[in-house]
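1. The sequence and its predicted three-dimensional model are supplied below.
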Amino acid sequence: MLKGVFPGGRVGIFAGCGLLYAGLSAVMIAIVVTAGVRTPVWPADAVVVALLANRSTGDRLAGVAGALVGWLLFAWYRGGDAHFFLSILLVRAVTMATGLWVIDLVRAWARRSRNEELFEVAAALVATVFPPLASLAVALLLSAAGVLSRTPMPLGVWWGGATAAFAIFLPALLYLQRDAARRGRRPAWLNRGVFAAVAVLFPAGAVAATATLPEPMVFFVVPLLLTSFVLRPVDMAVLSGSVWFATMMAAYGMADTPRTPMLLPLGVSVGTLLPIATCVLLERLRQRERDLAESENLFRRSMDDASIGVTIIGGEGQYLKVNAAFCAMTGYDEAELVGRSFKDITYEQDRDELDSFRNGILDGTVRSFKAEKRYVRKSGEVFWAEVSVIVVCDPATGRPDRLIAQVEDIDLKKRTLQAIAESESRWAFALENGQQGVWDVDKPGGRLYTSPTWKRMLGYEPEDVSIDGGDAWLELMHPDDRDRFLAINNAHERGETEWLEAEFRLRHKDGHWVWILDRGKVISRDADGKPLRISGTHTDISRNKAAEREIQLLEERVRLAVEAGGIGLWSIDLATGVATWNGETFGHMATDDTDRQSLEWLRFVHPEDRAGLSEMLRQAAHDPEARVNTTCRLLSPVRGLVHIRVLADQVTLSNGDRLLLGTAWDISEQVSAAQALRDEKERLRTTLHAISDGVIATDAEGRVTLINPAAQRMTGFSEAEACGHPIEDVFQAVHDDSGHPAASCVRQVLETGAPVERLGTQVIDVRGRDIHYIREAAAPIAATADGRAGAVLVFQDVSAERAMQRSLAHAASHDDLTGLANRRHFETRIQSMIAAARDDDSRHGLLFIDLDRFKIVNDTAGHLAGDALLQEVARTMRSIVPISDCLARLGGDEFAVLIENCDRQFAAFVGEKLIDALGAIRFTWEGKVYEIGASAGVTQVDATTASAEAVLAEADVACYAAKAAGRGRVSVFLQDTGEAQRHMSDFRMAARIRETIESGHFVLYAQEIRSIAEPGTRGRSLELLVRMLDDDGSILTPDTFIPAAERFELMGTIDRWVLAKVIDDFGPAIMAVPGLHVAVNLSANSLNDPTLWRYLADLFRASLLSPSRLTLEITETAVINSFEVARDFIRAARGVGCRVSLDDFGSGLSSFTYLKSFDVDAIKIDGSFVHNMADSTYDRTVVRAINEIGRELGVDVIAERIEDEATLRELAALGVSYGQGYLFNQPRDFHAVLADYGADMDEDMAEPLRA
């Protein structure tokens, strides 16, 4: 209603409420001013609340905000105390908000209790109390707080006016909105004359009664109540409002001070509200009666005029009322049906179903239902009807009171559907059995129907709709078939063919293709001849297509077989004697004039075979069981003699004709192959008799079928004795290590079909008991349909090879000179003992024996004498050590004994016996007698032993202790002794050295060699020194690790690391410094390494470093110990291109004697002479002598350990050319030294620029 008054959405509501509120305020103030009286009524709040009662929250906020703004506009226009108008603004806002809130509460109550018709009255009653009380409470609070210092009238009058406004205007406006919404138009009541007269008389009488009577309310309340019986609610609200307004003006406006009680406004409001409420309730009752009468009239007309049967059934199932259509349907009169039970005319078999519905109605679970049931007409005829039933409940109790049933005769429809169903069932049965899928296309509608069989044909369920639709099924068609089908289909739709028939492939849901035979026809067309509906069937012809394909493949295979195999086909009609044969049969004989429909080809048969073949053909022609299966020869005019095979059978065709049907093919190649095979067998037999390997062949059961002479010789069986017997009876191999029988290789081949090879068995000659070590291999003979016709076993006598292998194995684990176990075998035995000790906690003794004075014999008498002495020592020790214990030569003059299951004491006892025996040896060589001795170290192998290397190190430490104690004795290793600790420390250091070599954690230091004449000038030669990094990154000096490296023969490996580092990594940097030479110290191990030179050559080939830049330093001691080796070393070094220097020269007793024998480039005076030469005449004399000899030989002389100026002056006075030592510089990291040389080069290059 508000939107109709003020359109424009919430903006319109805002503006409309503002204008309305301002206007009502202005009117009420004008009345007060004009009449000169004070009236307590204020309708603006009630009107706005009524207009916003049915609006949304947003609309309400807009309307209230507009009303408040309207109040402010009115106050601004009127002028006056702004503080007063703002206070009243708060009172108005609370009043309207409370009014809307209580209306929502009343509306919710009305809906829950289903008393919507009492909404306006209830809302008026509640709103008459709460919004005025809320406004009065706010006014009192504002007055108490001093905010509202004055009120326009007494608060009681104010509250009464607000109550009267809500009592009069709220119900009238709410009812007016409901009435307008229901009728769709505004009520037209203002022009009625009666209302106008009453509206004038009643207010006038109310004014007169108020002015003259002590109790005026009786005068106008009773007439208002009487009038409420004839007026409409809106009229009554207007009339009551007029009376209320007139009474208030009469009571308050005639004098300055009211002469009536303060509760007069409340009494007048109640007196005027009661007639309004009475009028609204009466209007609701009258409207309900009208609606009920209209509904009953409509129901009667609908029931009487309905074309279907309508019945009303009571709670006991009896008919209360029936219409004419139901009577006509059943053949009964209405009087005959009313009071009768509905079961009486219900078909007996349908009564139970109706009872179940009735029970559901009674227990409240069913409120309506629809069913198809059969009735029995008065004539006894049964007919079908569709019944729709609605349950009507008693309003008072809520229990079912009666039923309203609509009955429609569907007998004809039912029988028609049944006939259609039976027809469709027969049709579907025929299509289902014939696997015919039905399709039907509605062309204009683009709809496609497909039967369940059609869908199942493609793997879809009947309810699957994924392929429904006009052209969706075409997506399933094979791309190669689609265009051809569309062409056929379009031609039929144009009317060019009577039937649509096509074959194509559709994709099954599983992905494979299904061949379909499509037959259909246009069954209706429009006026223009365009198809409207097309129907047809799909038949799965996949099996037919597969059969056609198989027949085609079979025919093609036969053709290919005939062509590829040269197989001819021929036949003879036994009734007519007519013969037919194709070109492949005897094409190699036939000529152009040969009659291929006669038996002329028989003349080509070899005369010796013709009679036999003719007889076979005759028998086959007369006897259906006889068969021709023979070979014969043909005399071909083209190829000469040809061998053929002929097969023929008598067959009877379906028409009764008898034929002799046969084939013939050329077997000349097979005959030739058979002859070749016989020849090959003969050659094979000759070969098998000639070879030295044994060969035995068996059948599929493992029985011997062939055995060659070599196998006969090794097994002791002849061919006659072996053939036919199982292979195990003739050939039984045994394991040579255990003597146990070995599994038969032939049986394995026969079981698995895979070849088998085996080595490490032996076979025993059953006759002579000779043992043959063999290598055997077996393989299947695949010549039958199952893939195995037997097996062949080939075995070779490897006794000589086995003896050589044992000899080589012995040589690999034993010392060639002494025949004792070597180090590798000895370490393996130690590892075995360690494992055994860990398993059974056993203990074993280990002796490490080192010969004393052996080097004297070897150096004095020569290597041959040394070898003979070692052999004598081995024989002596073998005579003492039990054969069960392991005696080994570890290398040189070192021996070891591993004694099983003994402690240290027993091992020491054995060691003492060995030392005594070795000390008793008197070795004679070339007339001289030599005596030797031995020292021994003892340790124990037990569960705590870490490794063979560790326990050997313990024994070595003990032996070293024995030698240190005076030789010729036994020393037992004890972990806690200082000597043992020192030697074990060397052992651990050796392990660290190996790890450092592998990780590359060695570093190179360099020390300059300078000219003594110019000691302040940087030298052009460097000696490279190797240093080792500790775990914490600190540098270990050489004396920390070099002794251990020498003791455990690791110096050669360190030397190679240094050479590789210098040549590979530093080669380019060294070459970048003009004239720079570097010297590398090599150990005695490298001096004796013959592979060193190939290693150096490979390094230089891959590097930029020139060999002439590298000097190899060897110690004088190493040269003296290996004179011949040192001479070869120097010769090889010069061959590579390197320089050679003798280090520590002068320390030997015969240095000058050796010096003249070597062609070296430099000699370095031993530092022990240089260090003290300033104070020692002897040292100075030695240095002078070495320097003079060097000059005479033309080699450079370098003095080591120059540490002070005095020594430098002495060397300069003697004329020594070069020197090195801490006086010049200390060794530094090679990287840093090379960096300094690079900086000097940059400085030299920049000098000319600065000049």
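-> Looks like it arrived, so ask away. None of the values given here were measured: they were computed from a predicted structure.
2. Point out where the stretch 1001-1150 of the chain drops to low pLDDT.
-> 1147-1150 (pLDDT under 70).
3. Could you list the domains of the chain?
-> Domain segmentation of the chain under automatic domain parsing yields 2-290, 306-414, 434-541, 548-671, 691-803, 814-974, 992-1243.
4. Save those as TSV, and put in distance to Arg685 and mean neighbour count too.
-> Just so you know, the C-beta spots here come from the backbone N, C-alpha and C atoms, and that holds for glycine as well. Shown next, in TSV, are these (distance: least, Cβ to Cβ, whole Å; neighbours: other Cβ atoms under 10 Å):
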stretch	distance to Arg685	mean neighbour count
domain 2-290	117	18
domain 306-414	98	15
domain 434-541	58	15
domain 548-671	22	15
domain 691-803	8	17
domain 814-974	47	18
domain 992-1243	56	17
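5. will you turn the ones you listed into CSV that also has distance to Ala421?
-> Below are the domains of the chain laid out as CSV (distance: least, Cβ to Cβ, whole Å):
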stretch, distance to Ala421
domain 2-290, 49
domain 306-414, 10
domain 434-541, 15
domain 548-671, 39
domain 691-803, 61
domain 814-974, 91
domain 992-1243, 95
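6. Hmm, Ile313 is touching Val322, no?
-> No: the pair Ile313 and Val322 fails to qualify as a contact (Cβ atoms under 8 Å) at a distance of 9.4 Å.
7. closest to Ile420 out of the domains of the chain?
-> domain 306-414 (10.3 Å; Cβ to Cβ).
8. I'd assumed Ala405 was in a helix, is it?
-> No: under DSSP: H, G, I helix; E, B strand; the rest coil, Ala405 falls outside any helix and is assigned strand.
9. which intervals of the stretch 151-300 of the chain have sub-threshold pLDDT?
-> 151-162, 164, 167-168, 172, 175-231, 234, 241, 244-246, 248-273.
10. can I assume Val392 sits in a strand?
-> Yes: Val392: assigned to a strand according to three-state DSSP.
11. Hmm, it is touching Ser368, no?
-> No: the pair Val392 / Ser368 is not scored as a contact, 10.4 Å apart, by Cβ under 8 Å.
12. I figured Arg1056 was touching Tyr1095, is that so?
-> Yes: contact criterion Cβ under 8 Å: Arg1056 and Tyr1095 qualify, at 6.6 Å.
13. packing partners for the lengthiest helix in the chain?
-> Across the chain, the longest stretch assigned as helix under DSSP state H is helix 264-305. With contacts taken as 3 or more Cβ pairs under 8 Å, 6 or more residues apart in numbering; DSSP states H and E, helix 264-305 sits against helix 119-144, helix 155-183, helix 217-227, helix 233-252.
14. which helices and strands sit right next to the first one?
-> Secondary-structure packing of helix 119-144 (3+ Cβ pairs under 8 Å, 6+ apart): helix 44-52, helix 82-113, helix 155-183, helix 264-305.
15. re earlier: what angle do the longest helix of the chain and helix 119-144 make?
-> Relative orientation of helix 264-305 versus helix 119-144 (axes from the mean of the first three to the mean of the last three Cα atoms, to 10 degrees): 160 degrees.
16. how about whatever helix or strand comes next after helix 264-305 as CSV, C-alpha atoms only?
-> Reading on from helix 264-305 to the C-terminus, the next helix or strand found by DSSP states H and E is strand 309-314. Taking Å, rounded to 0.1, in the frame of the first residue of the first chain, the C-alpha atoms of strand 309-314 are listed here in CSV:
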residue,chain,number,x,y,z
GLY,A,309,-17.8,-40.0,-10.7
VAL,A,310,-17.5,-38.2,-7.4
THR,A,311,-18.5,-39.9,-4.1
ILE,A,312,-18.4,-38.9,-0.4
ILE,A,313,-17.8,-41.9,1.8
GLY,A,314,-18.4,-42.0,5.6
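17. Adjacent strands (with direction) for strand 309-314?
-> Strand 309-314 sits in its sheet next to strand 319-322 (antiparallel), strand 400-409 (antiparallel), going by DSSP bridges.
18. Save those as CSV, and put in distance to Trp581 and mean pLDDT too.
-> Formatted as CSV, the strands paired with strand 309-314 follow (distance: least, Cβ to Cβ, whole Å; pLDDT from 0 to 100):
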stretch, distance to Trp581, mean pLDDT
strand 319-322, 97, 87
strand 400-409, 84, 84
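19. Take the ones you listed and write them to JSON lines, including distance to Val605.
-> Below are these laid out as JSON lines (distance: least, Cβ to Cβ, whole Å):
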{"stretch": "strand 319-322", "distance to Val605": "108"}
{"stretch": "strand 400-409", "distance to Val605": "95"}
